[in-house]
Structures are given as structure tokens and as C-alpha cells.
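# Next input, structure requested:
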Amino acid sequence: MDLPMTTATAPLARVMGVGTAVPENSYSQQELLDIFEIRDPRVRSVFLNSAIERRFLTLPPQGPDGTRVMEVQGELLAKHKAQAVDMGVRAVQECLKATGADLSDIGYLCCVTTTGFLTPGLSALIIRELGIDPHTSRLDVVGMGCNAGLNALNAVTGWAHAHPGRLAVMVCAEACSAAYVFDGTMRTSVVNSLFGDGSAALAVLAGEPELPLPQASGPSLLKFASYIITDAIDAMRYDWDGDQERFSFFLDPQVPYVVGAHAERVVDLLLAGTGLRRSDIRHWLVHSGGKKVIDAVGVNLCLTRHDVRHTTSVLRDYGNLSSGSFLFSYQRLLAEQVAEPGDHGVLMTMGPGSTIETALVRW
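Numbering: from 1, shown residues only. Okay, here's the model as predicted:
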């Protein structure tokens, strides 16, 4: 979506604040190998060479003998609901605090999740939990995967443009530990070694707020661009595992190279007509999809280690948080206080489809 430049009738939407939340407990990769008594050297190598040090997870309960009791699909759905609501609520609260806004300021709530199915959706549950005005407009984005944060941000930005002065909030809540299968195969081991639980919320506003917000705003959202690699539509998907009687996520080993090979195309589309070159982009916030994904995107876009420092540090400290990963990186960029007025940035997420989503921002 191309967004209009600032005019008296069409002000640019801008980011007002961000908040994140994770579960109480985190585990090192070695601790997880020990907890689940994983001895297969191939699986251990996947865990220990992932560039991940710790992840926040909600593990299965312990049985009388101290081993973990494997949850059935219904219990996993209940775990997703409890964790997504809890983390989503806390992320929204932190986001509003960073923005200087109140719950009553929210005019639109968009919730994103892929790690469990909910009806009614997460937006209704969070509105009830927080006591948000029941007249609030809302949207649930379900099943799009790791790229979904930018798909949702596009919709949130469009709502903000149509309602200047009203605050729109997006929250990504992913309880990835509610989507694990423990069957000893390499297929499930790759997934189990990578994903973590977490939630992130972002507040967006076009024009001046109806009530003054004391906090400084972030960058303006200039443009979005997408690309679906339809030849790789089955490379990332959920399947029903009849033997395990639960859903099982599949990641094709070629995903990093497929995504990397198409990264230039979508970034060139994003920058087309802006007068900007890739060398003009000062800040890159790329989804922490995994070490190989980050490396492949970096090589194809000629990014330095410094360019993806937040992407790699979020992967190291949290693992792949699915749809909200790029917002954890954005929060770390803000903490650095290095972005200056006039700086441009590119946000990039990748996920099932196979899909690459991008957004161009300016401070």
C-alpha cells in the first residue's frame, strides 16, 4: 500500500509507542535438551548451533516421576488462549504506558496470532480482560504466520488514516510452545529448537491526537510492499499429525535460501518511486526467523552485521517469536536512541506463503 504524503487532509500515520511481554520462565537450549532428555546427536546439534541462547516458553507440566507430560491438542489450545491473552494484555499495557495513552484512547484493536485458533478471537478476549470500550473497532489476523505483523500493521495504518486523531493498536501474541510436537523426528526438532513465546504491541496515530499525548512519537509509516513466492507455498505450513493427534508445523530446509533469493525484489519494489536507494536506509529491522534466514537475507541485501544487530540479538535472547519478532527489534532500536530526524528504515518479515512483507518508515 502506498500512503499519501502529509497534507492538510491526509496526515501520515506514525508509530507512537511499543510494548512487549513474555512468559515468566526462560530456558537455555542446553536446559531444554536436559529437560526432555534428548540424546540424538543430530537433534542436539540443531539446538546448540541455532544462535539462540535462551527462549521464554510455557513447558508441559511435570508428571509424578518428574518427566514432562505431553499435552493433547485441547490442552495446547487452552495453553495458547491463556498465554496469548496474558501476554497480549501486558504488551498493550506497556505500549500505552510508552505512548502516554489510556485504554479509553484506543479506537481500533488489531490482534495477530498463528499458534492457536480462538473463537471468539483474541481481540474480543483482550477487550473484555482490559475493560476496553466495547464499541472499539477490531480485527483478528489468524494463521498468516511470521509475516503477519506487517500485514496487520498495513491494516492498522489504513484505519488510522481513515480516523485521524484516533489511536490504533496492534498486538501480536504468539504462544509457540502451544504448537510443539515431541516425536523425535528432525522435522519437529527443528521447530522445537527455534520458536519462543512472546507478545508485542504497537500504537499508531495519524494527525494530532484528540487528547494530547505526553510521549514523543516514533517514525512515520510511508509505504508497504509484499511478495508471495507461490512456488514455495508449501514450504511453511501446519499439517494434522494423525499419529500424534495434533497439528504439526513444517519448515522446509530450503526456506532460508528461497526467502533470501527474493529479498532484493521486494525491497526494490518498496523503494521504487521514493528516490531512495538501499544505501540510504539507515535502520534495518528484519524478522528473527533463524540464523540461516538472517544470513541469507543479509547476503542478498548486502547488509552488515551492524545492520541486523537487533535481529540477531532478539534471536539470541528470545528465539523466533513469530509475528511479533520485528517489534522486539524495534524496541531495542529505540533504546539505543540513535535514530535521528530524517532517517529512513525498512521493516521486513517473512513467513508462510512463502511471503516477504516490508514497510518503509521515516523518523
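
# can you give me the helices for the stretch 51-200 of the chain?
Read by DSSP state H, counting those that start in this stretch, the stretch 51-200 of the chain holds these helices, from start to end of the chain: 73-99, 122-130, 148-162, 186-194.

# Please name whichever of these is nearest to Ala178.
The minimum distance between Ala178 and the helices of the stretch 51-200 of the chain falls on helix 73-99, with 3.8 Å, by Cβ to Cβ. Quick note: C-beta positions are derived from backbone N, CA and C, even for glycine.

# beta partners of the nearest residue to Leu139 once chain neighbours are set aside?
Nearest-residue entry for Leu139: Cys110, 4.5 Å, with adjacent residues in sequence omitted and distances by Cβ to Cβ, 6 or more residues apart in numbering. On DSSP bridges, the residues paired with Cys110 through beta bridges are Leu139, Met170.

# So the protein: which segments form each domain?
According to automatic domain parsing, the chain comprises the domains 13-206, 220-362.

# so which of the ones you listed comes closest to Leu213?
When the domains of the chain are compared (using Cβ to Cβ), the closest one is domain 13-206, at 4.5 Å.

# May I have the residues that are in contact with Val72?
When contacts are counted by Cβ atoms under 8 Å, 6 or more residues apart in numbering, Val72 is found next to Glu245, Arg246.

# related to what we said a few turns ago, tally of neighbours for the residue nearest to Leu139?
Neighbouring residues of Cys110 were enumerated by other Cβ atoms under 10 Å; the total is 25.

# Also Tyr257?
Close neighbours of Tyr257, defined as other Cβ under 10 Å, add up to 15.

# wouldn't it be in contact with Ala296 here?
Yes - contact criterion Cβ atoms under 8 Å: Tyr257 and Ala296 qualify, at 5.7 Å.

# Now do the buried residues in the helix or strand bottoming out on mean pLDDT in the chain.
Of all regular secondary-structure elements in the chain, judged by mean pLDDT, DSSP states H and E, the least confident is strand 246-251 with a mean of 81. If you call a residue buried by 16 or more other Cβ atoms under 10 Å, then strand 246-251 has these buried ones: Arg246, Phe247, Ser248, Phe249, Phe250, Leu251.
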